[in-house]
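Participant: Quick one: sequence and predicted model below, then my questions.
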Amino acid sequence: MPEAVPFNKHFPVSWEELHRNAKALAWRLIDKGPWKGIVAVTRGGLVPAAIIARELELRLIDTVCVSSYDHQNQREAMVLKGVEASGAGDGEGWLIIDDLVDTGKTAVIVRKMLPKAHFATVYAKPAGRPLVDTFITEVSQDTWIHFPWDIELQFSQPIAKQHRGS
Ligand SMILES: O=P(O)(O)OC[C@H]1O[C@H](OP(=O)(O)OP(=O)(O)O)[C@H](O)[C@@H]1O
Ligand code: HPA
Ligand SMILES: [Mg+2]
């Protein structure tokens, strides 16, 4: 197993930024369709999937439920629900949407379930990038992306104070 990379950098994403990037992803995907429906990878893929479904006017939406992180600690991936009942078959003509690929572990599992689906994420890190068909923004492997649903507005130390402490 590859050694875990420490997260030295932090990349907070606002709702507006996420909305803009998910719409940018919809623009990339529209010409690659037509699409029959979306399989959202819970939970992180749910918000991007909702935005893409709205933009591409897709109403057939299913979920695959995978969990592999306790906050920033990766553990064995657990599949809580597959896509057997969705009618997606081998995934031909379907989109799989997730918020990001990091190590690519989740992508490998979901791709096995729907080998012909088009896998799209808003963000990608280098290790997972080869597993995604379409993405918008790449960040380095040692960056932790903080999604808007995981963060709240709070006091931030002035840069001078942060600098003195480092
Ligand atoms: O490429 P990987 O290393 O597999 O990491 C990416 C996956 O990790 C996160 O999900 P997580 O399992 O934390 O569950 P969540 O979506 O419910 O937060 C994220 O939403 C991706 O699905
Ligand atoms: O950088 C990340 N941010 C949020 N969730 C994640 N799950 C894997 N990597 C990340
Ligand atoms: Mg996830």
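Facilitator: Noted; the coordinates are in hand. Residues are numbered from 1 along each chain as shown. Ligands and ions are numbered 1, 2, ... in the order given.
Participant: Now do the same for the residue nearest the centre of the chain: helix, strand or coil?
Facilitator: Nearest residue to the geometric centre of the chain (Cα atoms, centre = their mean): Asp99, 1.8 Å. Following DSSP: H, G, I helix; E, B strand; the rest coil, Asp99 is assigned to strand.
Participant: Does it touch Ala124 like I think?
Facilitator: No: Asp99 lies out of contact with Ala124 (Cβ atoms under 8 Å); the separation is 10.4 Å. (Glycine included, C-beta is placed from N, CA and C.)
Participant: Spell out which parts of the chain neighbour ligand 2.
Facilitator: Within the chain, the residues that sit near ligand 2 (Cβ under 6 Å from any ligand atom) are 69, 100, 102, 144-145, 147.
Participant: and which of those residues is nearest Ala24?
Facilitator: Leu100 (14.4 Å; Cβ to Cβ).
Participant: secondary structure element for the closest residue in space to the closest one that isn't next to it in sequence?
Facilitator: Leaving aside its sequence neighbours, Leu100 sits nearest to Tyr123 (Cβ to Cβ, 6 or more residues apart in numbering; 3.9 Å). Assigning secondary structure by DSSP states H and E places Tyr123 in strand 118-124.
Participant: That strand pairs with which strands?
Facilitator: Using DSSP bridges, strand 118-124 pairs in its sheet with strand 94-101 (parallel), strand 134-138 (parallel).
Participant: Show the subsequent helix or strand relative to the longest one.
Facilitator: Past strand 94-101, further along toward the C-terminus, the next helix or strand under DSSP H and E is helix 105-113.
Participant: what angle sits between that next one and strand 118-124?
Facilitator: 170 degrees (axes from the mean of the first three to the mean of the last three Cα atoms, to 10 degrees).
Participant: Mind giving me the packing neighbours of helix 105-113?
Facilitator: If contacts are counted by 3 or more Cβ pairs under 8 Å, 6 or more residues apart in numbering; DSSP states H and E, helix 105-113 sits against strand 37-42, strand 61-70, strand 73-81, strand 94-101, strand 118-124.
Participant: Quick check: buried residues in the very next helix or strand once past the first one?
Facilitator: For strand 37-42, the following helix or strand on the C-terminal side (DSSP H and E) is helix 46-56. Taking 16 or more other Cβ atoms under 10 Å as the neighbour-count basis, helix 46-56 is seen to contain the buried residues 46-49, 51-53, 56.
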